[in-house]
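Peer 1: this one's structure only:
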């Protein structure tokens, strides 16, 4: 009789344990299912980054000769446009990338068909000229590219340095003449510590100087109203060109040829510190 009462209690206990385990498993499984579902969601990779570049062939290039300027994008997007632009100043003149206030498109291409845009560039003047590569997306291309800029150098096909002088204006009141003389420095080399110097002849007056760009001149008066004029030009590079002006008055009493300016010179040192000096002969004026 005692055994018959214990058997139902054991059975009930076993059933309770089984029921409890089943409940715990049911509570855990939904949580696992949620984790798997979250991991399976697609992630947004963000926009693709492309790289722009600019190349020049050749660089440097000589004045009046062609150079091919090419903008390239990699990897090539499936849509959009690649623009090649030149930098201009506030007057619309082609200038360096650093000085550009605006950009003018000179070539463009549909990137679905090509990864580059090219332009034939020719300059009649030595100097540095800036270009920019720009990618313009179309629709949701998902591609971004940072603009890049670069300069091409244009040099003259020549060597050494030249100095030329000429009377560019003259007038007179009676025997008193007023002259303006221009000296032009034209460099096809690098010259360091360059100095332009020359003298006026005796008995000149109302002396003044000017220049297209750069430092002002210094004047030293010698005896008999004779002047030595000096421009400290500084370091100059291949392609440098500048004009320097001297205005003065001088009395010319007689007809015939008169010497109004002495020898002028430009001097400095080359890249190997060798001295370089170029002279321009005295300038004369003929009274009729």
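Peer 2: Right, received. Where do you want to start? Bear in mind that the values here come from a model prediction, so they are computed numbers and not experimental data. Numbers count the residues shown, from 1 in each chain.
Peer 1: With adjacent residues omitted, what lies nearest to residue 71?
Peer 2: residue 133 (3.7 Å; C-beta to C-beta, 6 or more residues apart in numbering). No exception for glycine: its C-beta is placed from N, CA and C like everyone else's.
Peer 1: Buried ones in the host helix or strand of that neighbour, by neighbour count?
Peer 2: Element membership of residue 133 [criterion: DSSP states H and E] is strand 127-136. By neighbour count with 16 or more other C-beta atoms under 10 Å, strand 127-136 contains the buried residues 127-135.
Peer 1: Pretty sure residue 82 is one of the things the residue nearest to residue 71 touches, is it not?
Peer 2: Yes. Contact criterion C-beta atoms under 8 Å: residue 133 and residue 82 qualify, at 7.1 Å.
Peer 1: can you list residues touching both of these two?
Peer 2: Listed as contacting both residue 133 and residue 82 by C-beta atoms under 8 Å, 6 or more residues apart in numbering are 52, 71-73.
Peer 1: Out of those residues, flag the one nearest to residue 188.
Peer 2: Nearest to residue 188 out of those is residue 71 (C-beta to C-beta; 30.7 Å).
Peer 1: Can you give me the buried ones in stretch 281-288?
Peer 2: 283, 285.
Peer 1: give me the number of residues near the closest residue to residue 233 other than its chain neighbours?
Peer 2: Distances taken as C-beta to C-beta, 6+ apart put residue 194 closest to residue 233, at 4.0 Å, once the chain neighbours are dropped. Around residue 194 there are 21 other residues, counting by other C-beta atoms under 10 Å.
Peer 1: give the contact list for residue 194.
Peer 2: 185, 233-236, 266-268.
Peer 1: can you check residue 257 too?
Peer 2: Contacts of residue 257 (C-beta under 8 Å, 6+ apart): 284-287.
Peer 1: Strands - which of these land there?
Peer 2: Applying DSSP state E to the contacts of residue 257, the entries found in strands are 284-287.
Peer 1: Looking at these, which two lie furthest apart in space?
Peer 2: 284 and 287 (10.4 Å).
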